[in-house]
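K.L.:
A structural model of the following input is requested.
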Amino acid sequence: MRLGIPREIAAGERRVAATPDTAKKLQKLGFEVWIEAGAGVAASFPDSAYEAVGCQIVSDTAHLWESADIVLKVRAPQWNPDLDRDETDLLRQAGTLISFIWPAQNPALLEKLTQRKATALAMDSVPRITRAQKLDALSSMSNLAGYRAVIEAAHQFGRGFTGQITAAGKIPPCKVLVIGAGVAGLAAIGAARGLGAAVRAFDTRPVVKEQVQSMGAEFLELDFSEEGEGSGGYAKVMSPAFIAAEMALFAEQAKEVDIIITTALVPGKKAPHLVTQEMVEAMKPGSVIVDLAAEQGGNCELTRPDEISDHHGVKIIGLTDLASRMANQDSQLYGTNLVHLLSDLG
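P.N.:
Next comes the predicted model:
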């Protein structure tokens, strides 16, 4: 059976669905691996590295899609301007696609895949259960995105994170609020603490309190009996009363902290707005917001996807390619998730 790994065409996307290391493992499973020429270059994997492990390099994009029994991608299929065709039209009839798809947010894409009679496996829909941990690509990507969020915040902040006592006086540490203590949030907490920041975090799921505290951060709580853990270990939509209480908490925190990193997502739904324009305007000039939910609508009302904007002196980072900015490591993790998936499928 032949696997096809095309070059990602989304703007700014540097990742690739298979690295030379994971391609070698796929071959050991019995697959023939075809790589589009240049697919791994942006992630520092030249064509020669793939050829060295026995992959076939294919220059014709359409031929690779049409010849593959299974196509492995990172991003969901989209319009290919070079070929003037949608990538779903390149997929062979009744073929198989494995990639991030975000099915609930992309009904038009699902309709196109249905018309092709395709079998599509959405890597963003892997449940967070014990036996599926090795397939959990969303966690793999979120881990590095959370780390990168802190790096981007530090770059825009213009001050040090750690507190210092010098002969010239005392410098207080940077105060960071992380909203959402899932995989990305915990990674952000770890990175910010590592840089010396004073970190506080909030999550609708009380079960993560010990994890947050074990990393040296303060866990913010509401006097509420409602819990926010839904199916598959993800957060769920909360009641209006709970939302009102947490929004009041965020409004107070916005006046105090220097950096807010938001990571809140609810499966199958648009990202909830948790940081309002009023909260942004209450923050100190020079503060920074990093919205990791920008691609799904954003947790901040003022987020502009794929942009870094400025509102009343507050930088709002809406970059959607944070994981891609660590393409080499991310590709290795994602490729390993795909190896485990195909191995389990037999």
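
K.L.:
shaky segments in the protein?
P.N.:
Residues of the chain that meet the criterion pLDDT under 70 lie in 224-238.

K.L.:
which residues in the stretch 151-300 of the chain form strands?
P.N.:
Taking DSSP state E, counting those that start in this stretch, the strands of the stretch 151-300 of the chain run over residues 164-166, 169-171, 175-179, 198-202, 218-220, 259-262, 288-291.

K.L.:
With respect to Asp86, which of these lies nearest?
P.N.:
Closest to Asp86 of the strands of the stretch 151-300 of the chain, according to CB to CB: strand 288-291, at 28.5 Å. Backbone N, C-alpha and C define where each C-beta goes, glycine included.

K.L.:
Report all helices and strands that the closest one contacts.
P.N.:
Counting contacts by 3 or more CB pairs under 8 Å, 6 or more residues apart in numbering; DSSP states H and E, strand 288-291 packs against helix 137-157, strand 259-262, strand 314-317.

K.L.:
thinking again about what came up before, any chance of TSV for the strands of the stretch 151-300 of the chain, columns distance to Ala323 and mean neighbour count?
P.N.:
Output for these, formatted as TSV (distance: least, CB to CB, whole Å; neighbours: other CB atoms under 10 Å):
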stretch	distance to Ala323	mean neighbour count
strand 164-166	32	9
strand 169-171	32	9
strand 175-179	17	26
strand 198-202	21	23
strand 218-220	26	16
strand 259-262	15	29
strand 288-291	13	29
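
K.L.:
Show me the domain layout of this structure.
P.N.:
Structural domains annotated on the chain: 2-125, 145-323, as defined by automatic domain parsing.

K.L.:
Out of those domains, which gets nearest to Ala132?
P.N.:
domain 145-323 (8.9 Å).

K.L.:
picking up where we left off before, take the domains of the chain and lay them out in TSV including distance to Leu341.
P.N.:
Output for the domains of the chain, formatted as TSV (distance: least, CB to CB, whole Å):
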stretch	distance to Leu341
domain 2-125	7
domain 145-323	16
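
K.L.:
wait, which of those domains is closest to Gly346?
P.N.:
domain 2-125 (9.2 Å).

K.L.:
End to end on that closest one, go ahead and measure it.
P.N.:
From its first residue to its last, domain 2-125 covers 24 Å (CA to CA, to the nearest Å).

K.L.:
coming back round to it: any idea which of the domains of the chain gets closest to Asp344?
P.N.:
The nearest among those, by CB to CB, is domain 2-125 at 10.5 Å.

K.L.:
List just the one of the domains of the chain that sits closest to Asn337.
P.N.:
Nearest to Asn337, of the domains of the chain and by CB to CB, is domain 2-125 at 6.9 Å.

K.L.:
quick revisit: quick one, which of the strands of the stretch 151-300 of the chain gets closest to Arg2.
P.N.:
strand 288-291 (39.5 Å).

K.L.:
Much appreciated, bye for now.
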